[in-house]
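only geometry, no sequence info:
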């Protein structure tokens, strides 16, 4: 089983779980079934920590209980934006999302000698800042300017970090 596959034992503490009506319960269960895998996978890729990814997933769905956009298709975007926001907040709180030295020194990603290459494992070995920028751009498809807003930095720097992350993964 892949490191980034969904673990289904994410629990929401009962004391903070809202008491939805029957119609809301069906809606929320449907929301969970449709989006939990994407939310968890994104959180895990951003955080590189299974326990924190589970906690962020639970927090995202707790917040979703408070209100999801009514427009069809907007719920997915809402949940992913909330996941990005909560994951980056956690990384900042842990002081893991500090802007690294802006020098051109490459970061070594050590590669095991076995084949096939486990891209997910190498992705998790990237420095936090590089991994976040790479996942948001190359995996999630966000534009550089959106990522710069999330990371509170310049767009040109995001472009450079994404490029370096790609190079590090390619070298691995």
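Everything's here; your move. Keep in mind that this is a model prediction, so the values were computed, not measured.

give the contact list for residue 30.
Neighbour list for residue 30: empty [criterion: CB atoms under 8 Å, 6 or more residues apart in numbering]. C-betas here are computed from N, CA, C, even on glycine.

what do you get if the cut-off is 10 Å, keeping everything else the same?
Applying CB atoms under 10 Å, 6 or more residues apart in numbering to residue 30 gives the contacts residue 75.

buried ones in whichever helix in the chain runs longest?
Counting residues, the longest helix found in the chain (DSSP state H) is helix 22-47. Going by neighbour count (16 or more other CB atoms under 10 Å), the buried part of helix 22-47 is 28, 31-32, 35-36, 38-47.

Domain-wise, how is this protein divided?
Per the record, the chain has its domains at 14-93, 119-171, by automatic domain parsing.

so which of those is the most packed in?
Comparing the domains of the chain by mean neighbour count (mean count of other CB atoms under 10 Å), domain 119-171 ranks first with a mean of 18.

And that one, end to end?
11 Å (CA to CA, to the nearest Å).

now that domain: how far from the chain's centre is it?
Put simply, domain 119-171 sits 12 Å off its chain's centre (CA atoms, centre = their mean, to the nearest Å).

and if you look at stretch 45-53?
Per CA atoms, centre = their mean, the centroid offset for stretch 45-53 relative to its chain is 8 Å.

That one spans what distance, first to last residue?
8 Å.

Kindly report the same for stretch 145-158.
Distance between the two ends of stretch 145-158: 8 Å, counting by CA to CA.

can you list the residues that contact it?
81, 84-85, 87-88, 91-92, 97, 99-100, 102, 129, 132-137, 140, 142-144, 159-162.
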